[in-house]
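Trainee: Provide a 3D model corresponding to the input given below.
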Amino acid sequence: MKATPTYWYSEEKSLSYYLLVPVSWLMCIIIWVRRVLYRVGIFRRYRAAVPVIIIGNITAGGSGKTPLVIWLARFLKDNGYSPGIVSRGYGGEAKTWPQQVRGDSDYVVVGDEAVMIAARTECPMAVGPDRPQVVKSLLDHHDVNVIISDDGLQHYALQRDIEIAVVNGERRFGNGHCLPAGPLREKPARLDEVDIIVVNGKGERREHPMTVNNPFAVNMLTAETKRLRAFVGDKVHAVAGVGHPDRFFDSLCSCDLDIEAHEFADHHRFIEADMDFSDDLPVLMTEKDAVKCVRFSSEKMWCVPANVELGNAFGQRVLTLLEKRS
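Mentor: Predicted coordinates:
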């Protein structure tokens, strides 16, 4: 994935920005027309036999959807539901779709995020580019009574019962333009139509604040667990190949760690040489990156899982909506 253009989230303007603004206007029109065609029934929508919860966003790049999907799946299990999860399987190279996913699936086939989600939630999961077909496949293979879609707010071919939009509390909506001149997939007015807005950071009115913490690390070879503060006093390598790597780096620095940051492209396919820093310092990485490094893990490599904190109001709101729509 290419680096985020600087003008998306700053007042900086460039020739590329001015050339792309008319394209963004056209994109906004196409997005609006497409939604209307689904709404009036010209484009068909698939209705699943069980409630569907969409967790998505209106911006490109990392906002915290995946940690929220994991949290919600566990929450629903704790409250008597049998959730299943669907996703795009971004980066996967399967010859046929949909694909069923387990925690030990090959990330090259089904995608790194899918393997991570399946491992963390232990829920049935399926991936593929055609979201209705993925849902059908999941229901054919597993007995689930609610489906969580990781991303998919713009996949209107799949009828949904609950929409949850996740907003990056630091970046918000950038310069306000749609792709490619800005980060928006849809205009901010779209949030007026969703059921719940979750903000990764400090929320505003109508928004549920979410905090993503990284309190401990797990050794990738021995499975030993350490509090992050156990690494204070020694320099560590911090590796991130995710949509918003600075969030991971900042979380380590907030624990007073002295880090040497190594930023890779989102969904980067790590090889052993990427971890060769010519020293024996600990290497801390995101959970999504750890999935791709298991085959050459060593004692100096540590996975830092992301844990979500949400107020009780969010969970109760989800349960209330499910009860109404089940």
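
Trainee: Got phi/psi on the residue nearest to T121 when sequence neighbours are not counted?
Mentor: The shortest distance from T121 to any non-neighbouring residue, by Cβ to Cβ, 6 or more residues apart in numbering, is to A73 (4.2 Å). (Glycine included, C-beta is placed from N, CA and C.) Backbone geometry at A73, expressed as degrees, to the nearest 10, gives phi -60, psi -40.

Trainee: try D150
Mentor: Taking degrees, to the nearest 10 as the convention, D150 sits at phi -80, psi 110.

Trainee: Wait, G92 touches V134, no?
Mentor: No: G92 is beyond contact range of V134, at 11.9 Å (criterion: Cβ atoms under 8 Å).

Trainee: neighbour-wise, which of those two wins?
Mentor: A count of neighbours by other Cβ atoms under 10 Å puts V134 above the other of G92 and V134, at 28 against 25.

Trainee: list the contacts for that one?
Mentor: Shown in contact with V134 (Cβ atoms under 8 Å, 6 or more residues apart in numbering): 86-87, 97-98, 126-128.

Trainee: mind listing which of the residues you listed are in strands?
Mentor: Judged by DSSP state E, the subset of the contacts of V134 located in strands is 86-87, 126-127.

Trainee: And the furthest pair within the residues you listed?
Mentor: S87 and A126 (8.1 Å; Cβ to Cβ).

Trainee: circling back: just the closest of the contacts of V134 to L319, please.
Mentor: Distances from L319 to the contacts of V134, taken by Cβ to Cβ, are shortest for V86, at 20.7 Å.

Trainee: Please name the nearest non-neighbouring residue to the closest one.
Mentor: Closest to V86 by Cβ to Cβ, 6+ apart is V134, at 4.6 Å.

Trainee: mind saving the C-alpha coords of the helix or strand harbouring that neighbour as PDB?
Mentor: According to DSSP states H and E, V134 maps onto helix 131-141. The C-alpha trace of helix 131-141 is given here as PDB (Å, rounded to 0.1, in the frame of the first residue of the first chain):
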ATOM      1  CA  ARG A 131     -19.600 -10.000   0.500                       C
ATOM      2  CA  PRO A 132     -23.000 -11.600  -0.100                       C
ATOM      3  CA  GLN A 133     -21.300 -14.800  -1.300                       C
ATOM      4  CA  VAL A 134     -19.000 -14.800   1.700                       C
ATOM      5  CA  VAL A 135     -22.000 -14.500   4.000                       C
ATOM      6  CA  LYS A 136     -23.800 -17.400   2.200                       C
ATOM      7  CA  SER A 137     -20.700 -19.600   2.500                       C
ATOM      8  CA  LEU A 138     -20.300 -18.800   6.200                       C
ATOM      9  CA  LEU A 139     -23.900 -19.800   6.900                       C
ATOM     10  CA  ASP A 140     -23.600 -22.900   4.800                       C
ATOM     11  CA  HIS A 141     -20.600 -24.100   6.800                       C
END
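
Trainee: quick one on the thing from earlier: is it true that the residue nearest to T121 touches Y81?
Mentor: No: A73 is not in contact with Y81 according to Cβ under 8 Å; the separation is 9.1 Å.

Trainee: These two: who's more crowded?
Mentor: Counted by other Cβ under 10 Å, A73 and Y81 do not tie: A73 has more neighbours, with 25 against 19.

Trainee: re the thing from before, out of the contacts of V134, who's the most crowded?
Mentor: In terms of neighbour count, V86 stands highest of those at 33 neighbours, by other Cβ under 10 Å.

Trainee: Which pLDDT does the model give P209?
Mentor: Per-residue pLDDT puts P209 at 94.

Trainee: OK, contacts around C253?
Mentor: Neighbours of C253 in contact, by Cβ under 8 Å, 6+ apart: I259.

Trainee: picking up where we left off before, got TSV for the contacts of V134, with pLDDT and distance to L252 too?
Mentor: What follows is the contacts of V134, written out as TSV (pLDDT from 0 to 100; distance: Cβ to Cβ, whole Å):
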residue	pLDDT	distance to L252
V86	98	32
S87	97	27
W97	97	36
P98	97	36
A126	98	34
V127	98	30
G128	97	34
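
Trainee: hey, where'd the strands end up in the stretch 151-300 of the chain?
Mentor: In the stretch 151-300 of the chain, the strands defined using DSSP state E, counting those that start in this stretch lie at 162-168, 196-200, 207-213, 216-219, 225-227, 235-240, 258-263, 283-286.

Trainee: Nearest to F314, out of these?
Mentor: strand 207-213 (4.4 Å).

Trainee: buried ones in the closest one?
Mentor: Across strand 207-213, burial judged by 16 or more other Cβ atoms under 10 Å covers 207-210, 212.

Trainee: tell me the angle it makes with strand 162-168.
Mentor: 60 degrees (axes from the mean of the first three to the mean of the last three Cα atoms, to 10 degrees).

Trainee: helices and strands around strand 207-213, which ones?
Mentor: strand 196-200, helix 245-253, strand 307-310, helix 312-325 (3 or more Cβ pairs under 8 Å, 6 or more residues apart in numbering; DSSP states H and E).

Trainee: if you compare these, which one is most tucked away?
Mentor: Most buried of the helices and strands packed on strand 207-213, by mean neighbour count (mean count of other Cβ atoms under 10 Å): strand 196-200, with a mean of 22.
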